[in-house]
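Colleague: Need coordinates for the following:
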Amino acid sequence: MLDKFLSALGESLGLKKPNPARKAGEALYASAVSQSRQVVFYTDYGVKDEIGARFELLVLHVVLLISRLKSENEQHRETSQALFDSLLLALDDTLREQGVGDLTVPKKMKKLSQQVYTRLVRWDEIWEEAVPETRNAAQADYLLRTVYAADEEPDAQAPLWAAALSDYIHEVRTRVGADGLLAGEVVWPEVKPLVKRLDVQEN
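Modeller: Okay, here's the model as predicted:
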């Protein structure tokens, strides 16, 4: 299944979508990039300003939008695929801008595609299978293993940061509807500073 999926991803790099879906997908990707670069994630939520953590946070935002487009409706599927294509094309461009050779790019893209595929599957499992009472804990746990993953000893604050980011994920999934996404528009919820978020929860 994975090989088939990865093969489809490779083919999608050259795929031309109908203009509305392609334009919407490109706009959604740009919005996900902008949102994932919000300074508050790095100052209040403990996300490291490093390539690995930035990649994970970007993929999370793209996956969040893809999940909102999950539908049997063809327009939703085309927009979702166009968004995904935009992510892959951007990753391919980034590798080439970093000087990665033409012969090496496909290997690195396969590895990155596998990572994205794993995130898509696991987040989908969490959102589909976890009951509301355990969903936030499951989200926080996966955030600790992706966005907050590090080789060194984890920061003692990491569980607090992951729990707050999990609350933010819930807000995105609750407030962002699919209809606006078809036009390439996203109204993201405010990324509240951590102290403000904790004050709201306590009150």
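Colleague: Quick check, central residue of the protein?
Modeller: Nearest residue to the geometric centre of the chain (C-alpha atoms, centre = their mean): L60, 2.1 Å.
Colleague: where's that one relative to L120, distance?
Modeller: Distance, L60 to L120, using C-beta to C-beta, to the nearest Å: 11 Å. Bear in mind the C-beta positions are built from the backbone N, C-alpha and C, glycine included.
Colleague: Helices of the chain, start to end?
Modeller: 2-12, 19-36, 39-43, 51-68, 74-97, 105-129, 132-145, 158-175, 178-181, 194-202 (DSSP state H).
Colleague: measure S71 to E26 for me?
Modeller: S71 sits 20 Å away from E26, going by C-beta to C-beta.
Colleague: Those two: which is more packed in?
Modeller: Neighbours per residue, other C-beta atoms under 10 Å: of S71 and E26, the larger number sits with E26, 18 against 12.
Colleague: Can you give me every residue that contacts the more buried one?
Modeller: Neighbour list for E26: 82, 86, 184 [criterion: C-beta atoms under 8 Å, 6 or more residues apart in numbering].
Colleague: With Y29 instead?
Modeller: 62, 83, 86-87, 90.
Colleague: same thing with S36?
Modeller: 54, 57-58, 60-61.
Colleague: now with 6 Å?
Modeller: The neighbourhood of S36, defined by C-beta atoms under 6 Å, 6 or more residues apart in numbering, consists of 57-58, 61.
Colleague: Over to Q75?
Modeller: Q75 sits next to L182 when contact means C-beta under 6 Å, 6+ apart.
Colleague: ok, now V186?
Modeller: V186 makes contact with S31, according to C-beta under 6 Å, 6+ apart.
Colleague: Would you convert the contacts of E26 into JSON lines that also reports distance to Q35, neighbour count and pLDDT?
Modeller: Formatted as JSON lines, the contacts of E26 follow (distance: C-beta to C-beta, whole Å; neighbours: other C-beta atoms under 10 Å; pLDDT from 0 to 100):
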{"residue": "A82", "distance to Q35": "18", "neighbour count": "26", "pLDDT": "95"}
{"residue": "S86", "distance to Q35": "14", "neighbour count": "22", "pLDDT": "95"}
{"residue": "G184", "distance to Q35": "14", "neighbour count": "21", "pLDDT": "95"}
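Colleague: Can you tell me which of these is nearest P159?
Modeller: Distance ranking of those against P159, using C-beta to C-beta, places S86 first at 32.9 Å.
Colleague: Can you tell me how far that closest one is from V33?
Modeller: 9 Å.
Colleague: got it, and H61?
Modeller: H61 is 8 Å from V33, by C-beta to C-beta.
Colleague: Name the residue in these two with the higher neighbour count.
Modeller: H61 (24 against 16).
Colleague: Just to check, Y42 is in contact with E50?
Modeller: No - if you go by C-beta atoms under 6 Å, Y42 and E50 don't touch, sitting 9.8 Å apart.
Colleague: the more surrounded of the two?
Modeller: Neighbour count, other C-beta under 10 Å: between Y42 and E50, Y42 has more, with 16 against 10.
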